[in-house]
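S.K.: What follows is a predicted structure for the sequence shown.
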Amino acid sequence: MTLEEVVGCNITENKMEKVGQALEELLVAAQRQACLTVGVYESAKLMNVDPDSVVLCLLATDEEDEDDIALQIHFTLIQAFCCDNDINILRVSGLGRLAQVLGEPSTADSNANEPRDLHCILVTTPHVDSLKCQALKEVSSYCQESRRRNQWVPCLALQER
């Protein structure tokens, strides 16, 4: 590797780590303010009724989900809708970490409550300005930079901690 490649890789890794941390902060803040919609069907319903309230759409998968054709079709339709409505969209891997961040059980609990479907998560416009934080600006900036590079659906890997 050349020096430029090594430095470029480090900058990219640092940027991705910073965006990942900002995304986690954003999700926690949005959840506290009840500004999250979780689940593919719940998200589709909200976007049909009030797409202007959505500031970010997360599509989350892991390797085992790559062969789920129904999920991939849902993702394709959601991505198209988000692009048509100027909604920032981000594809993330690391469903386990996502569940951790949101305080979700990874399996059914003792009360037979199934974990929520974390494959699609919407962050909606807050009712107060406290969610208009640096984390939202950081994630939105990353999405916009990716679109300028013709990467319409940027990908981000959430790191286990």
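M.R.: Cool, the structure landed. From a predicted model like this one, the values you see are computed outputs, not experimental measurements.

S.K.: Next, give phi and psi for P154.
M.R.: P154 adopts backbone torsions of phi -70, psi 150, taken as degrees, to the nearest 10.

S.K.: What pLDDT is listed against the nearest residue to it once chain neighbours are set aside?
M.R.: Closest residue to P154 in three dimensions, ignoring its sequence neighbours and counting by Cβ to Cβ, 6 or more residues apart in numbering: S146, at 3.7 Å. C-beta coordinates here come from the backbone N, C-alpha and C atoms, glycine included. Turning to S146, the model gives it a pLDDT of 87.

S.K.: Give the other helices and strands that the helix or strand where S146 lies contacts.
M.R.: Counting by DSSP states H and E, the element that carries S146 is helix 134-148. Where contact means 3 or more Cβ pairs under 8 Å, 6 or more residues apart in numbering; DSSP states H and E, helix 134-148 is packed against helix 3-32, strand 54-61, strand 88-93.

S.K.: tell me the most buried of the ones you listed?
M.R.: strand 54-61 (a mean of 22; mean count of other Cβ atoms under 10 Å).

S.K.: I'd like to know which elements it is packed against.
M.R.: Strand 54-61 packs on helix 40-49, helix 69-84, strand 88-93, helix 95-102, strand 120-124, helix 134-148, going by 3+ Cβ pairs under 8 Å, 6+ apart.

S.K.: before we move on, the earlier item: just the residues contacting the helix holding S146, thanks.
M.R.: In this structure, residues lying in contact with helix 134-148 by Cβ atoms under 8 Å, 6 or more residues apart in numbering are 15, 18-19, 22-23, 25-26, 29, 55-56, 88-90, 123, 152, 154, 156.
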